[in-house]
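**Student:** the sequence and its predicted three-dimensional model are supplied below.
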Amino acid sequence: MVRTKAWRIVPLAVAMSTIAAAAEPNTLSGAEKAEGWQLLFDGQSLEHWQGLAKPEIGSGWVVRDGAIVIRPKSRAGDIITRRTYRNFDFRFEFRVSPGANSGVKYFVDPGRAQGGHGIGCEYQVLDDARHPDAKLRADGSRTVASLYDVLPAAPDKPVRPPGEWNEGRIVVRGPRVEHWLNGVKVLAYERGSPAYRAAVANSKFAKIEGFGEWPEGHLLLQDHNDEVAYRNLKIRPLDDSARP
């Protein structure tokens, strides 16, 4: 009986410790490091980020409880990564407050900014049930995980409610792009294809020449005057032989 008790307790403690270490936010496992993953946020510092219009980050962006948080109505402006990316696997977690709107953009060129906002392909971050933007396009292209205003995510996507963390993922290899939500691929498209260009022509970006087709750019977190939190921001640059 003593042996049975020890057998149950000791391995359980080890297992729990291993699980806790693996689940620690804003860290990389040994396997991830070996695969080439890089942290874009360590839970404490915004050293990998800068303001869109100027290097300084607006005071509305704060680090709170191991997350990057944009405070509501702070008008802090968008923030972008300090470096640009071409082919990559980018994973992140986001948590919206009720009725909130934000977005994760990629292929952003600061020189193309309009109205203080960066221009680029956008993985929509939104409370679909409460924010009116979700209903403004009949095709659903303004709902969470969609390519904002261009292509809709799958309508049966697995989304968690406000206050809970969702897992986002953007994979880019050349012209092919994938959006994932909570472990499920919810959108795939090819930049420059006839279908993509037709969708852009039917969007608010129709007058932006070559929208989303420039070869590389910054990642961006959007300030939309609502409180949204981000964490576990990690990226793996992909070469031609890599696989997502």
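**Tutor:** In hand now; what should we look at?
**Student:** okay, and H218 sits in which element?
**Tutor:** Using DSSP states H and E, H218 sits in strand 218-221.
**Student:** let me see the domain layout of the chain.
**Tutor:** 1-27, 36-237 (automatic domain parsing).
**Student:** ok, and the closest non-adjacent residue to V144?
**Tutor:** Distance criterion Cβ to Cβ, 6 or more residues apart in numbering; nearest residue to V144, sequence neighbours excluded, is L126 at 4.8 Å. Any C-beta I mention is one placed from the backbone N, CA and C, and that applies to glycine too.
**Student:** burial check on that neighbour, number of neighbours?
**Tutor:** When neighbours are defined as other Cβ atoms under 10 Å, L126 has 26 of them.
**Student:** so where is the chain shaky, pLDDT-wise?
**Tutor:** Counting by pLDDT under 70, the chain shows low-confidence ranges at 1-23, 240-244.
**Student:** would you map the strands across it?
**Tutor:** 38-39, 49-51, 61-64, 67-70, 79-81, 88-96, 101-108, 121-126, 166-173, 176-181, 184-190, 218-221, 228-237 (DSSP state E).
**Student:** so can I have TSV of the ones you listed showing distance to S146?
**Tutor:** Listed next are the strands of the chain as TSV, based on distance: least, Cβ to Cβ, whole Å:
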stretch	distance to S146
strand 38-39	27
strand 49-51	24
strand 61-64	24
strand 67-70	20
strand 79-81	21
strand 88-96	14
strand 101-108	10
strand 121-126	5
strand 166-173	12
strand 176-181	7
strand 184-190	7
strand 218-221	16
strand 228-237	16
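**Student:** and of the ones you listed, who's closest to F205?
**Tutor:** Taking Cβ to Cβ, strand 121-126 is the member of the strands of the chain nearest to F205, at 9.3 Å.
**Student:** pull out the buried positions in that closest one.
**Tutor:** C121, E122, Y123, Q124, V125, L126 (16 or more other Cβ atoms under 10 Å).
**Student:** so who does the residue nearest to V144 touch?
**Tutor:** Taking Cβ atoms under 8 Å, 6 or more residues apart in numbering, we find L126 in contact with V96, A100, N101, S102, G103, D133, A134, R142, T143, V144.
**Student:** do P161 as well
**Tutor:** With Cβ under 8 Å, 6+ apart, P161 has these contacts: A129.
**Student:** what sits closest to E35 if chain neighbours are left out?
**Tutor:** R236 (6.3 Å).
**Student:** what's the burial count for that neighbour?
**Tutor:** Neighbours of R236 under the rule other Cβ under 10 Å: 17.
**Student:** I figured it hits A34, correct?
**Tutor:** No: using Cβ atoms under 8 Å, R236 makes no contact with A34, being 11.0 Å away.
**Student:** quick check: the nearest residue to G51 once chain neighbours are set aside vs P162, distance?
**Tutor:** Distances taken as Cβ to Cβ, 6+ apart place I57 nearest to G51, at 5.2 Å, with adjacent residues excluded. Separation of I57 from P162 (Cβ to Cβ, to the nearest Å): 25 Å.
**Student:** repeat that for R191.
**Tutor:** Separation of R191 from P162 (Cβ to Cβ) stands at 31 Å.
**Student:** neighbour count winner among the two?
**Tutor:** For R191 versus P162, neighbours defined as other Cβ under 10 Å are more numerous around R191 (21 against 16).
**Student:** just read off the phi/psi values of the more buried one.
**Tutor:** Dihedral angles phi and psi of R191 (degrees, to the nearest 10) take the values phi -60, psi 140.
**Student:** check contacts around the nearest residue to I170 once chain neighbours are set aside.
**Tutor:** Excluding the flanking residues, the one nearest I170 by Cβ to Cβ, 6+ apart is F90, at 4.7 Å. For F90, the contacting residues are V104, Y106, R169, I170, V171, V172, L219, L233, K234, I235, R236, by Cβ under 8 Å, 6+ apart.
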